[in-house]
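>>> The following comprises the amino acid sequence and a computationally predicted model.
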Number of protein chains: 2
Amino acid sequence: MTDGVVERSRPRDRILETARDMFHKHGIKGVGVDAITEAAGTNKMTLYRHFESKDELIVECLRANAAKAGAMWDTFEAEFPGDKLAQLHAWVRKAAAMLNADGRGCDMANAAAELTEPDHPARLVIKELKEAQRERLVTLCRDAGIGQAELLADTLSLLFEGARVSVQTVGAEGPSTQFVRMAEGLIVSFRGAAAG
Amino acid sequence: MTDGVVERSRPRDRILETARDMFHKHGIKGVGVDAITEAAGTNKMTLYRHFESKDELIVECLRANAAKAGAMWDTFEAEFPGDKLAQLHAWVRKAAAMLNADGRGCDMANAAAELTEPDHPARLVIKELKEAQRERLVTLCRDAGIGQAELLADTLSLLFEGARVSVQTVGAEGPSTQFVRMAEGLIVSFRGAAAG
DNA sequence: GCTGGAAGTTACAGACCGGTAACACCCTAG
DNA sequence: CTAGGGTGTTACCGGTCTGTAACTTCCAGC
C-alpha cells in the first residue's frame, strides 16, 4: 500500500494526486495508466473522462507540482515578513531538506530526461515553470539587496539542481552534503561584493 | 538516417555504439532493442548472443561512456603536462563545451532518473562511475594546490551537473550560460583562500 | 420515487515490448 | 574442399501499453 492515496475525494483529484506520487517514485514511463487508476481506487475509463490522454495527465501533474512549490515561497514570506534575506536563507534550508527527503530528483528534470520528443507538451510547461521559479529566486535575491542578483540566483539554482541529481546518482552521502555550506558561502560572498 | 552508425565493424561494437547514441538521444525506456539492432544494421538475435539482456546492454553502454569520459582526462594531461591548474581550467572549458553540444544532459543522470528500481544493476555502476569521476576532480584540485580541494571539486561538480539539467529543462540560454563565469570565479576564490 | 449524470465494469483493439526457437547462410580456418 | 562458428531471417511467446466501446450501477437533486 505504498502507493495508496485512496482517500474519499473526487476521482479526478485522487487520480491527479496518485499520478503525481507514482510518477515521482517510478518515473513517467515506468507507470501505466492502469496502475495509476488502480492505486487511486478507480478505473481507466474515469481517468480518460477527466484527462484526454496520459500526456495531458502528465502536464497537469507538473502544474500541480509547481503550484505546491509556489505555495512554499508564500510560507517564506509568512515566516519572515519583509525580511528578504531571511527568506533567502529559508530557501536554502528548505532546499537542503528536500535533498534528504528522498532519493528522487526534481520531477520536472526527471520528466525532461524521459520525454525526449522536442515538441512534447510537457516540455513547454517544464520550461515555463522553471523560468517562473528562476524569476522568483532572482527577485528574492534582488530584494535582499544583493548586487549581482541574477548571478547569485542562477548559481544557487544550478547548485541545487546539481545536488538533486547527485543524490539520485551517488546518494545523499555524496557531494550534496556540502550544499548548505556552498550556498551560505555564496550568499556571504555576494553580500560582501560591491552592489553593481 | 539520424541514428545511423552502420559502419562495417563487428556486430557487437556496432550494437554498443548505436545503443549509446540512441539511449542518449531518446532515453533508455524510449528505445527498444528492435530499434537498436535495426539502426545498427543487424538483428535482435545477434544482440542477445552478445548481451544477455537489455539491462546488461545498458550497463555496458554506461561503462563505455565512462571510458570515453576517462579518456578526456588524459587529453588534459597531454595538453598541459604537469600543469594541474591549467588542466582544471581545461576541464571547465570542456564542461562548458558539453553544455552547448546538445540539449541532453548526462547519460548517467538520465539513466538514474529512468531506472527507479533501487536494485537495478545500472544503479550500481552509475554510483561507482560517478564516484570515480569525483575522485579524479578532487585529485586534480588538490594537485593544483587548492586548499579545500574536496569542497571546490564538489562545488564545481554540482554546478556542472546542475547546468546540464538546466540545459535540458529551460535550454542553453538559461542559467547555464553563466557556468564558466561561476566556475572561474570559484577557482579564483578558492585559490585566494588560505590553504587548509 | 424518479431521473440524469457521474462513476464503475468488462471486454477489446492495435501496437509494442523483451526474449527465444528453429533454421538458413556465409565466410574463414584448417 | 570442408567443417564450424558467427551471423541473418522469420516466426513466435507472453506480457504490457494507451485508448475505446458498450453497458451497468450508484447517488444526489428534484
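Arrived safely.

>>> in chain A, what spans have low per-residue confidence?
In the predicted model of chain A, residues A:1-8, A:194-196 satisfy pLDDT under 70.

>>> So which residue is dead centre in it?
In chain A, the centroid-proximal residue (C-alpha atoms, centre = their mean) is residue A:106; its distance is 5.1 Å.

>>> tell me the phi and psi of it?
phi -70, psi 130 (degrees, to the nearest 10).

>>> Which residues are in contact with it?
By C-beta atoms under 8 Å, 6 or more residues apart in numbering or on different chains, the contact set of residue A:106 is A:161, A:164, B:165. (C-beta placed from N, C-alpha, C; glycine too.)

>>> burial measure for the residue of chain A found nearest DNA strand D, as a count.
Here the residue of chain A nearest DNA strand D is residue A:32; by C-beta to the nearest atom of the strand that distance is 2.8 Å. Residues near residue A:32, counting by other C-beta atoms under 10 Å in any protein chain shown, number 13.

>>> Can I get whichever strand or helix holds residue A:123 in PDB, CA atoms only?
In the assignment (DSSP states H and E), residue A:123 maps to helix A:121-143. Output of helix A:121-143 as PDB, limited to C-alpha atoms (Å, rounded to 0.1, in the frame of the first residue of the first chain):
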ATOM      1  CA  PRO A 121       3.600  19.200 -24.500                       C
ATOM      2  CA  ALA A 122       5.300  18.600 -21.200                       C
ATOM      3  CA  ARG A 123       8.500  20.200 -22.300                       C
ATOM      4  CA  LEU A 124       6.700  23.600 -22.800                       C
ATOM      5  CA  VAL A 125       5.300  23.700 -19.300                       C
ATOM      6  CA  ILE A 126       8.600  22.500 -17.800                       C
ATOM      7  CA  LYS A 127      10.400  25.400 -19.400                       C
ATOM      8  CA  GLU A 128       7.600  27.800 -18.400                       C
ATOM      9  CA  LEU A 129       7.600  26.700 -14.800                       C
ATOM     10  CA  LYS A 130      11.300  26.500 -14.400                       C
ATOM     11  CA  GLU A 131      11.600  30.000 -15.800                       C
ATOM     12  CA  ALA A 132       9.000  31.200 -13.300                       C
ATOM     13  CA  GLN A 133      10.900  29.600 -10.400                       C
ATOM     14  CA  ARG A 134      14.100  31.300 -11.600                       C
ATOM     15  CA  GLU A 135      12.300  34.600 -11.700                       C
ATOM     16  CA  ARG A 136      11.200  34.200  -8.100                       C
ATOM     17  CA  LEU A 137      14.600  33.400  -6.900                       C
ATOM     18  CA  VAL A 138      16.200  36.300  -8.800                       C
ATOM     19  CA  THR A 139      13.600  38.700  -7.300                       C
ATOM     20  CA  LEU A 140      14.200  37.300  -3.800                       C
ATOM     21  CA  CYS A 141      18.000  37.900  -4.200                       C
ATOM     22  CA  ARG A 142      17.500  41.400  -5.600                       C
ATOM     23  CA  ASP A 143      15.000  42.400  -2.900                       C
END
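
>>> Can you confirm whether that helix lies near DNA strand D?
No - judged by C-beta under 7 Å from any atom of the strand, helix A:121-143 makes no contact with DNA strand D; its nearest approach is 11.2 Å.

>>> Having no further points to raise, I will conclude here.
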